[in-house]
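J.: coords please:
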Amino acid sequence: MAEKITIKAAPGRNVRDPNNRNRVLPADGIKVSPTDPYWFLKLKRGDVVIAPPQKTAQAAATPAAAPASASAAAPASPPAAPVSPAPTQPQTPVKPAVTGTATQSAE
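T.: Got it, this is the predicted structure:
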(Lines give C-alpha, C1' and ligand atoms only; values in the text may rest on other atoms or scores of the structure.)
Protein backbone atom coordinates (compact mmCIF):
# COMPACT_ATOMS: atom_id res chain seq x y z
CA MET A 1 0.00 0.00 0.00
CA ALA A 2 1.28 3.44 -0.86
CA GLU A 3 2.31 5.84 1.85
CA LYS A 4 -0.17 8.66 2.42
CA ILE A 5 0.71 12.23 1.50
CA THR A 6 -0.47 15.46 3.06
CA ILE A 7 -2.23 17.89 0.77
CA LYS A 8 -3.67 21.32 1.38
CA ALA A 9 -5.54 23.88 -0.68
CA ALA A 10 -3.43 25.95 -3.05
CA PRO A 11 -3.03 29.60 -2.07
CA GLY A 12 -6.23 31.50 -2.84
CA ARG A 13 -8.30 28.35 -3.26
CA ASN A 14 -11.02 26.75 -1.14
CA VAL A 15 -11.33 23.03 -1.78
CA ARG A 16 -14.19 21.01 -0.34
CA ASP A 17 -13.56 17.66 1.31
CA PRO A 18 -15.39 15.03 -0.78
CA ASN A 19 -16.15 12.98 2.34
CA ASN A 20 -17.87 15.93 4.01
CA ARG A 21 -19.01 18.52 1.48
CA ASN A 22 -20.02 20.94 4.24
CA ARG A 23 -16.42 21.76 5.10
CA VAL A 24 -13.33 22.87 3.23
CA LEU A 25 -9.87 21.40 3.70
CA PRO A 26 -8.17 22.54 6.93
CA ALA A 27 -5.25 24.96 6.61
CA ASP A 28 -2.75 22.31 7.75
CA GLY A 29 -4.08 19.83 5.16
CA ILE A 30 -5.24 16.22 5.25
CA LYS A 31 -3.57 12.87 4.55
CA VAL A 32 -4.70 11.12 1.37
CA SER A 33 -3.57 8.29 -0.85
CA PRO A 34 -1.43 9.52 -3.76
CA THR A 35 -3.31 7.13 -6.05
CA ASP A 36 -6.78 8.50 -5.20
CA PRO A 37 -8.23 9.69 -8.54
CA TYR A 38 -10.12 12.64 -6.99
CA TRP A 39 -7.03 14.11 -5.33
CA PHE A 40 -4.80 13.25 -8.29
CA LEU A 41 -7.05 15.36 -10.51
CA LYS A 42 -7.11 18.21 -7.96
CA LEU A 43 -3.28 18.12 -7.86
CA LYS A 44 -3.07 18.12 -11.65
CA ARG A 45 -5.45 21.10 -11.91
CA GLY A 46 -3.54 23.06 -9.26
CA ASP A 47 -6.42 23.20 -6.77
CA VAL A 48 -4.30 21.53 -4.05
CA VAL A 49 -0.58 21.25 -3.36
CA ILE A 50 1.48 18.64 -1.54
CA ALA A 51 2.32 19.94 1.91
CA PRO A 52 5.71 19.15 3.45
CA PRO A 53 5.46 16.44 6.11
CA GLN A 54 4.82 17.90 9.54
CA LYS A 55 7.08 16.99 12.43
CA THR A 56 5.21 15.25 15.19
CA ALA A 57 5.63 16.16 18.85
CA GLN A 58 7.58 12.93 19.41
CA ALA A 59 10.00 13.67 16.55
CA ALA A 60 10.53 17.21 17.84
CA ALA A 61 11.33 15.87 21.35
CA THR A 62 13.83 13.27 20.10
CA PRO A 63 16.74 15.69 19.38
CA ALA A 64 16.42 17.19 22.88
CA ALA A 65 16.89 13.73 24.39
CA ALA A 66 20.21 13.22 22.54
CA PRO A 67 23.38 12.85 24.63
CA ALA A 68 25.08 16.12 25.53
CA SER A 69 28.62 14.99 24.68
CA ALA A 70 29.58 14.43 21.08
CA SER A 71 31.91 11.56 21.98
CA ALA A 72 29.04 9.50 23.41
CA ALA A 73 26.96 9.86 20.27
CA ALA A 74 27.39 7.39 17.42
CA PRO A 75 28.79 8.86 14.19
CA ALA A 76 26.07 9.83 11.75
CA SER A 77 25.76 7.56 8.76
CA PRO A 78 25.54 9.10 5.29
CA PRO A 79 22.03 9.38 3.86
CA ALA A 80 20.89 6.41 1.84
CA ALA A 81 20.92 6.79 -1.92
CA PRO A 82 17.46 7.03 -3.46
CA VAL A 83 16.21 3.79 -4.89
CA SER A 84 15.19 4.02 -8.50
CA PRO A 85 12.14 2.04 -9.60
CA ALA A 86 12.67 -1.19 -11.45
CA PRO A 87 12.95 -0.67 -15.19
CA THR A 88 9.73 -1.34 -17.01
CA GLN A 89 9.45 -3.18 -20.24
CA PRO A 90 8.81 -0.90 -23.20
CA GLN A 91 5.27 -1.22 -24.41
CA THR A 92 4.85 -2.22 -27.99
CA PRO A 93 2.40 -0.10 -29.94
CA VAL A 94 -0.92 -1.77 -30.61
CA LYS A 95 -1.74 -1.95 -34.29
CA PRO A 96 -5.37 -1.19 -35.07
CA ALA A 97 -7.34 -4.08 -36.41
CA VAL A 98 -8.21 -3.75 -40.05
CA THR A 99 -11.90 -4.31 -40.49
CA GLY A 100 -14.19 -3.80 -43.44
CA THR A 101 -11.55 -3.10 -46.05
CA ALA A 102 -13.13 -2.17 -49.30
CA THR A 103 -11.63 -4.14 -52.14
CA GLN A 104 -13.07 -3.97 -55.58
CA SER A 105 -12.87 -6.93 -57.79
CA ALA A 106 -12.47 -6.62 -61.54
CA GLU A 107 -15.67 -7.82 -63.11
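J.: Would you check how far apart the residue nearest to Glu3 when sequence neighbours are not counted and Ala27 are?
T.: Nearest residue to Glu3 in three dimensions, chain neighbours excluded: Pro34, at 7.7 Å (Cβ to Cβ, 6 or more residues apart in numbering). All C-beta atoms are positioned from the backbone trio N, CA, C, and that covers glycine. According to Cβ to Cβ, to the nearest Å, Pro34 stands 21 Å off from Ala27.
J.: Pass me the low-pLDDT residue ranges in this structure, would you?
T.: In the predicted model, the chain carries pLDDT under 70 at residues 1, 54-107.
J.: buried stuff in the helix ranked longest in it?
T.: When the chain is scanned for its longest helix (criterion: DSSP state H), the result is helix 37-45. Buried residues in helix 37-45, counting neighbours by 16 or more other Cβ atoms under 10 Å, are found at Trp39, Lys42, Leu43.
J.: what about the closest residue to the second one other than its chain neighbours, how many residues close to it?
T.: What that stands for is Lys42. Closest residue to Lys42 apart from its sequence neighbours, by Cβ to Cβ, 6+ apart: Val48 at 4.6 Å. Neighbourhood size, Val48 [other Cβ atoms under 10 Å]: 21.
J.: Kindly report the same for the one 4 residues further on.
T.: Here the count is done by other Cβ under 10 Å, and Pro52 has 8 residues near it.
J.: quick one, what contacts Ile42?
T.: Check again: residue 42 is Lys, not Ile. By Cβ atoms under 8 Å, 6 or more residues apart in numbering, Lys42 lies in contact with Ile7, Val15, Val48.
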